[in-house]
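**Student:** here's a sequence, model it:
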Amino acid sequence: MNKQKLEHIEKHAEKILRDTRAWQAPVPIDVVAQRLGLKTEESVLGDDISGLLVVERGRGAIGYNSAHARVRQRFTIAHELGHYVLHVGTSTQSRLFIDRYVAFRDDESSAGSDREEVEANAFGAALLMPGPLVRAEIRQHDLDLDDEDDLTALAKRFHVSSSAMSYRLVNLGLLR
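**Tutor:** Coordinates of the predicted model:
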């Protein structure tokens with residue numbers, strides 16, 4: 001994804017957080033979904049499905065896997081919100097997004113071959129871990145990102161997994 005598209009996604013996520021009055025850590029992702037008019041529901045989806053987004057006649061619902069850890073569920077909801085905001089919008093067309101769970105990232109899954117999936121992942125990360133809030137948290141607590149305990153504490157503050165926070169910090173240019 002090019003830099004301009006990524007910046008657009010970042011700004012869009014930040015605007016939604018401000019508009020829904022959810023500019024805080026941890027982001028109340030269920031509240032954001034509700035304020036965008038989407039229902040969220042815990043579902044039994046099988047081991048290989050993280051979540052899904054169903055949109056019919058402009059109305060949407062997000063299902064997320066009840067067997068997954070809460071940090072994974074939060075990212076799934078944010079990812080599905082990305083599909084809704086970036087790929088459905090105000091369209092009245094029906095859409096279904098089914099997102100498979102990837103337990104271990106590799107070069108192929110990190111790069112992503114499906115443009116919509118890559119964009120939804122970027123949006124989900126920006127929504128749950130907004131750059132300005134992450135940077136403020138690091139400054140406020142004088143965190144050493146090379147210290148595993150500090151990285152874990154930062155992830156807990158945002159209610160995301162340590163691996164999600166690590167990827168986010170790399171993408172923000174704060175960690176190598």
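
**Student:** and residue 23, how many neighbours?
**Tutor:** Residues within reach of residue 23, counting by other C-beta atoms under 10 Å, total 14. No exception for glycine: its C-beta is placed from N, CA and C like everyone else's.

**Student:** grab the nearest non-local neighbour of it.
**Tutor:** The shortest distance from residue 23 to any non-neighbouring residue, by C-beta to C-beta, 6 or more residues apart in numbering, is to residue 17 (4.8 Å).

**Student:** now that neighbour: how far from residue 127?
**Tutor:** 7 Å (C-beta to C-beta, to the nearest Å).

**Student:** picking that back up, verify the contact between the residue nearest to residue 23 and residue 31 for me.
**Tutor:** No - using C-beta atoms under 8 Å, residue 17 is not in contact with residue 31; the gap is 10.4 Å.

**Student:** flag every buried residue along the helix or strand encompassing residue 6.
**Tutor:** Here residue 6, judged by DSSP states H and E, is contained in helix 3-19. For helix 3-19, a neighbour-count test (16 or more other C-beta atoms under 10 Å) marks 6, 9, 10, 12, 13, 14, 16, 17 as buried.

**Student:** shared neighbours of residue 17 and residue 127, anything?
**Tutor:** Common contact partners of residue 17 and residue 127 (C-beta atoms under 8 Å, 6 or more residues apart in numbering): 27, 32.
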